[in-house]
Each structure stands twice: as C-alpha cells, then as structure tokens.
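Colleague: Quick one: sequence and predicted model below, then my questions.
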Amino acid sequence: MGIALPAFLTVLATVAVVFLAMTRMAGEVDDIDAGTLRRTVAGAYNELARTLVEEHAHVAASPGDLAAFGVADGRFDAAVAAAATAGPHAIFDTLFLLSADGTTLGGVHDGTRLDRPATDWLQGGFSLVLDGVRADPGGVPKSGLFSTADGIVLAAVSPLPGGERLLVTGRRLTADSVEALGRSFSVDGLTLSGDPGGGVDVDLLAPDGGRIASLVADPRAPGDLAYARVRMPMLIVLGLLLLVMVMLVATIWKSLSAMHRGEELARREAGLDGLSGLPNRASFHQAVEAAVARSGGRPVTIVFLDLDGFKDVNDTYGHETGDRLIRAVAAGFSTLVDRRGFLARLGGDEFAVVATGETSFEVATEIGASMIEFLSEAFDLDGRIVQVGTSVGIAGTAGEPMTASELVRRADVAMYQAKGRGKNRIEIYEHDMDAERAERAALAVALRKAFSNEELQLHYQPVIEARTGRIVSVEALLRWIRPVEGPVSPARFIPIAEEIGLIEDLGAWVLRRACRDAAAFGDLRVAVNVSAAQFKNPGFHTVVAGVLAEEGFPAARLELDITESYLVAYPERARRMIDALRQIGVRIALDDFGTGFSSIGYLRRFAFDKVKIDRSVIIDVVRDPASQKLVEATVALADALGVGVTAEGIEREDEAVILKSAGCHELQGYHFGSPTTAAEITRRMAASRQALRRTA
C-alpha cells in the first residue's frame, strides 16, 4: 500500500499535464485556424479584384462592349452609361472616361451622372493609380480600393486602344456583396467594417496606404470547441480514477508480475505461426498426440503437404512475394479443411492436417485432392502471376497401434514419395515406401560420391542426315555405371540429382565434358540436354559462354535441348534465356516434341532451331496412316517456320524410310547406332574420312 500516494500523485499530475496540454493545444489550433481563415479572406478579396480587372480588360478591348457602356469614338454618352450601370445586376456600378492627361470627360455611378471629376470622387490615391497606368500603358489594368461619397468602391483603370482615353470602371462593396463573397469561400459571417477587431480581420488599404475598412469574419475556434467537448469526459475519468485507485493499488503489482510471467510463457509456448496465422509445428504435434491418445482405437489420419515450386517463387520474386503466397495458400487451405480436421503450417512451405474418426481416411483423401485442385489455379499477387502445386502424403492408423511420431513419419515418407513420383499428386503410405526411401537415400549418397570421383560418363548417340545418311551430329547422354551394381538408369538418378540440389553442377559438368570430347569429332555438332533447374538460372547463358571460351569450342557446333516443362511455367523468362543463348551463337532445340499440350504454340512463340519428335509420336507411324499424317503436318509446320526436324527413337528400317519420306531432316535411334563412347565416335569419324579419301 506504500505506492498509493505516489500512484495518486502520478495520476493527478498526469491529468493536470493533460489538461494544460489540451488548453495549450486548443489555443494553438485556434491560432492556426485564424491564420488560415485570414489567408482565405485575403484570397477572397484578391479573387474579387482579379475578377474585376478581367471584366474591365474585356470591356476595354471590345468596341461593342464599350458602346454598351456609352463610350464610342472617344466620346462619352452619359445617358447610355447611366442605364448600363443601374440596377443590382450591372457588371459595373461606376464608370468614368478620362482623357490621357487625367481630365474627366464624364462619369456615372449607380445609374446617376456624376459631375465631380474622378480624381475628386475616388478618394485614397486615385492619382497614384493614374501614374501607374501612364508608366505602364501596355500592361494589365491597374486596380485599387477607394473611398467615395457612396461607400467603398473597388475600381480598375486602363488606357483604351489608341491611348487617348482612359477607362475607369468600379463596383461598390456592399454588405450583401461581401456576405456573398464569404459564402463563395466558405467564410461564415464575413462583413465590411470601419473598425478592426471583433473577429478575424483583414485590413483593406487604399493605393496611398491608408486603411479604408476591414473585412471581418467570425472566428471558428475549433480548438476551443474540441476542448469543451472533452473537458467533461476528462473530469469524469479523473473522478473514476480516484475512486478506484484504492482498490487497484493493492493488487496492481501482483497483476503486473503475473502478466509479465504469462507473456513470457506465452511467447515460449505460442501455438500460432506468425506468418499464416495457422497453428504451428508444436501445436500440430500436440494435436496429433492428443488425437492418438484419445482415439480409443478409432482411425487417426494425417495429411502432409509440401508446395511444389515454392522455391522458384522465392528465387524469382523475392521472399516478400513468397510470404504473400504462403498467406494466400493458408487462407485457401483453411476454407477447404474447415472443421473437418486440424490444419497447421509446419514451417517453410509445409502444411499438415489431422483428421479423426471412422471416415478420417476418406476425409483426408478428399482434403488432399481439393488442395491439389485449389493450387491448379495461378495466384495473382500484386500483379505477379505465380503458380505452385503440392505433393501430398497420407498415412493413417487404420486400427493399427501406433505412436504419434510414427504416424507423422509415415505421412512424411508418403509425401516425399509423391514428390519422387512426379509431384502434384497424392501418395498413400505403404510399408515398402520405407525401403524405397532408404534406397533413394543410399543412391543419393552414392551419386554424390560418383560425381566427386568423376565416375560418371558421357556416351554419344549419332544423328543421321536423312538425305545423305551421314552422321551430322551426336547427342551427349549421361551414364552412371556402378562398379558392382551395374548401370543406373538416368530416369532413376536424374530426379535424385534434382532433389539433392546436384543437377546444376551435374549439368555444367556434362556441358564442359561434351565440348571437350566433341573437339575431336571433326565438324560434328553436339547436342546437350539442359534441365529446368539449369535453364531457370538467370546467369546460365554466361555459364555456357564461359565453357565455350575455356574449351575453345565453336558456339555454332553446340545444340542445347530443352523440354516444355520450364516453358509452361515461366514462358517470358524462358524466351529471354533462349534469346540470350542464340546471341552467343548456340543452337536451341525443343526436345520430346509432341508429348506436351501445346508444342505447336511454343514452336510459334519461341525461336527454336530444331524440334525433336519424340518416340511416342512416331511409334505407330508404320501401321497407322494418322500417325504418319501427324508427322507430315509437324514437318510442314516446322518448314514454314524455318525449323529443322529430327525424329528420335527410330529402331527399324521401315520407320526410317517412312520418316524420311515424311520430310524429317535428321534421324536418330538405335537403328543407326546405340550411344557409345567418345573414343568410338572419334574412331568412326576417322574411318569415315579414310573411306572418303579412298573413294576420292
């Protein structure tokens, strides 16, 4: 209780400071508003003077308008002028015609002829205005505010064409006209006063510097108004604070201590992911353990998801876009799961769902399928169109006694199996997946070792010119022949290389080795397959240029074969990379042509030098006329676009004959030779040259 008095004094001092600050602030606000209002009033008067000058200039420049005001041929018709200045709707209520030396030739005011000269009737320095007009006869009309026998008149003066006459026009400031001026500028209570004070005032000065009158506006005092509104609530708050101070002060230190301990504990054990707002990994594992513990033998099923292509989004557009994508995906997943399961973000691009009950497996499968379908549509993130998929693994207890950690492990294994089998699909856990995963892990270790020890090989398959039957190029094919286990299929180890991040280094090695080997192949071109991982590297063209320079290999003899997968995902980036490679002089071929959904569209869009028709297209070309027509149409389109055509996978003579007649420029397959070593290609080329010399 020893803090009661200090606390009370602190509250009292705080309230006093607040009230003093509010009083000072109200005064400052009022002063600022008064300054703004004063500038508004001055601006309104200036606008009134500017309008008068414009109207004066218009009349002075128009013989017809001058005649309407009784001025014609340098003469003044007082009757006409009186009629033109009479009434509330007259443009001017005052008009004088002067000679060049300032002599008044005639004047009227409010429909009545004036016998007094202008210099006498307009008090306050009218002669000064005349001096200004004579000093600058070609300038804009000069204006000023003058005191007259009938009140205050705002007048303008300018010479008429020829310079022999001066025209004076004016308009009297009345209470009504000043009030109307205030309304047009949203100024309340604007009046014309002979005495300053009583509000926000702006002095109106005659040309000789004397004050004629003041424009006075009612002060708005917004600061005082705001202060008056909050003063009573603040007094009430002060009373309430004093009322409860005695009750609060006894427990406040305990509450603060408990709050600090609770906040620290909450930070350590927070169950939400800060980015997505979903439960985090810790919450997920707690949910799985709780579900298994209370299942009572009923099934518990887990869905594991990993986004396919998320790393590409981060690499391409940055982590800020990646974070927005995670939030968008999390929001969509939350809607899909709803109350059917417990959804969590495990971190990175991984999500998981726990479902319980007799139908949990069916629910999990339905959730996984709906998530794949949801991600089939691209996301528009602030104008950036991004596309991702998801690999889904599902595992359940299905009545089998199982720990929570084992259930999670199985779902994780199934998810990685989905990635290994092509991604963007669902895999259900099976026991043999563990053995397959272990085998893939062992194969990954062996692949790294084989690459480090240079145990990988390049074989080369000849490509034949259809017209002459001679070898014109070779395709470099990567081979891995293990000392004990024997050959490993590229279809097996290439996906593993992609998974473990080895594919770019492997691709660079293949490119360098192919250029080095092909240097001994005479003038043969060499084709090298390029992975999507290599092609999406924005510096890939510089890598290619560097290899060509280091190996001294002609760019025109290098052909890079790419597939549609990267073109589909990132067409604009692919187009820029193709253009950059072609500028180096490298040839670009579209591999596996005909296996995708839009190969013809890509032929038109991208600058390919060659297309390689896949074996799946030509396999029935001998017995199926439709297949033959398809090949012929493809060749015709390629010819029209200036693109070469190579038929791949030819295994029989009859296939070769038909494809040659269909117009294919080059032929490739086991019928012409299986992939072989660089030494064998060199030997064949040497033998071919010797045969040509003997023939010659």
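Modeller: Okay, I see it.
Colleague: Which parts of the stretch 501-650 of the chain are strands?
Modeller: Defined through DSSP state E, counting those that start in this stretch, the strands belonging to the stretch 501-650 of the chain, from first to last, are 525-529, 558-562, 587-593, 610-613, 644-647.
Colleague: Relative to the third one, what are the paired strands and their orientations?
Modeller: In this case it means strand 587-593. strand 558-562 (parallel), strand 610-613 (parallel) (DSSP bridges).
Colleague: need the strands of the stretch 501-650 of the chain in TSV with mean neighbour count and distance to Gly383, can you?
Modeller: All C-beta spots, glycine's among them, are computed from the backbone N, C-alpha and C. Written out in TSV, the entries for those read as follows (neighbours: other C-beta atoms under 10 Å; distance: least, C-beta to C-beta, whole Å):
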stretch	mean neighbour count	distance to Gly383
strand 525-529	23	34
strand 558-562	23	28
strand 587-593	22	29
strand 610-613	26	33
strand 644-647	25	38
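Colleague: Tell me which of the ones you listed sits nearest to Leu506.
Modeller: Ranking the strands of the stretch 501-650 of the chain by their distance to Leu506 (criterion: C-beta to C-beta) puts strand 525-529 first, at 10.9 Å.
Colleague: what packs against that closest one?
Modeller: Strand 525-529 sits against strand 471-482, helix 503-518, strand 558-562, strand 587-593, with contacts defined as 3 or more C-beta pairs under 8 Å, 6 or more residues apart in numbering; DSSP states H and E.
Colleague: hang on, the earlier thing: nearest to Ala100, of the strands of the stretch 501-650 of the chain?
Modeller: Closest of the strands of the stretch 501-650 of the chain to Ala100 is strand 587-593, at 87.0 Å (criterion: C-beta to C-beta).
Colleague: Now do that closest one against strand 525-529, angle only.
Modeller: Between strand 587-593 and strand 525-529, the angle comes out at 50 degrees (axes from the mean of the first three to the mean of the last three C-alpha atoms, to 10 degrees).
Colleague: which other residues reach strand 587-593?
Modeller: When contacts are defined by C-beta atoms under 8 Å, 6 or more residues apart in numbering, strand 587-593 is touched by residues 525, 527, 529, 556, 558-564, 578, 581-582, 599, 602-603, 606-614, 617, 634, 646.
Colleague: neighbours around Leu215, how many?
Modeller: Residue crowding around Leu215 was assessed by other C-beta atoms under 10 Å; the count is 25.
Colleague: Report how many residues lie close to the residue lying closest to it once chain neighbours are set aside.
Modeller: The shortest distance from Leu215 to any non-neighbouring residue, by C-beta to C-beta, 6 or more residues apart in numbering, is to Val202 (4.7 Å). When neighbours are defined as other C-beta under 10 Å, Val202 has 20 of them.
Colleague: any idea how this structure splits into domains?
Modeller: With automatic domain parsing serving as the domain definition, the record reports that the chain contains domains spanning 7-217, 281-430, 454-695.
Colleague: And Trp509, what's its pLDDT?
Modeller: Trp509 is assigned a predicted lDDT (pLDDT) of 95.
Colleague: give the contact list for Arg116.
Modeller: Listed by C-beta under 8 Å, 6+ apart, the contact set of Arg116 reads Thr104, Gly107.
Colleague: For it, give its distance to Val108.
Modeller: Counting by C-beta to C-beta, to the nearest Å, the gap from Arg116 to Val108 is 12 Å.
Colleague: Centre of the chain to stretch 362-372, how far?
Modeller: Relative to the chain's own centre, stretch 362-372 is displaced by 32 Å; criterion: C-alpha atoms, centre = their mean, to the nearest Å.
Colleague: any idea of the mean pLDDT in that stretch?
Modeller: Computed over stretch 362-372, the mean pLDDT rounds to 94.
Colleague: can I get the CA coordinates of that stretch in PDB?
Modeller: Output for stretch 362-372, consisting of C-alpha atoms alone and laid out as PDB, is shown next (Å, rounded to 0.1, in the frame of the first residue of the first chain):
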ATOM      1  CA  GLU A 362     -11.800 -40.600 -46.800                       C
ATOM      2  CA  VAL A 363     -11.900 -37.100 -45.400                       C
ATOM      3  CA  ALA A 364      -8.100 -36.800 -45.600                       C
ATOM      4  CA  THR A 365      -8.100 -38.100 -49.200                       C
ATOM      5  CA  GLU A 366     -10.800 -35.600 -50.200                       C
ATOM      6  CA  ILE A 367      -8.900 -32.700 -48.500                       C
ATOM      7  CA  GLY A 368      -5.700 -33.600 -50.300                       C
ATOM      8  CA  ALA A 369      -7.400 -33.800 -53.700                       C
ATOM      9  CA  SER A 370      -9.200 -30.500 -53.100                       C
ATOM     10  CA  MET A 371      -5.900 -28.800 -52.200                       C
ATOM     11  CA  ILE A 372      -4.300 -30.000 -55.400                       C
END
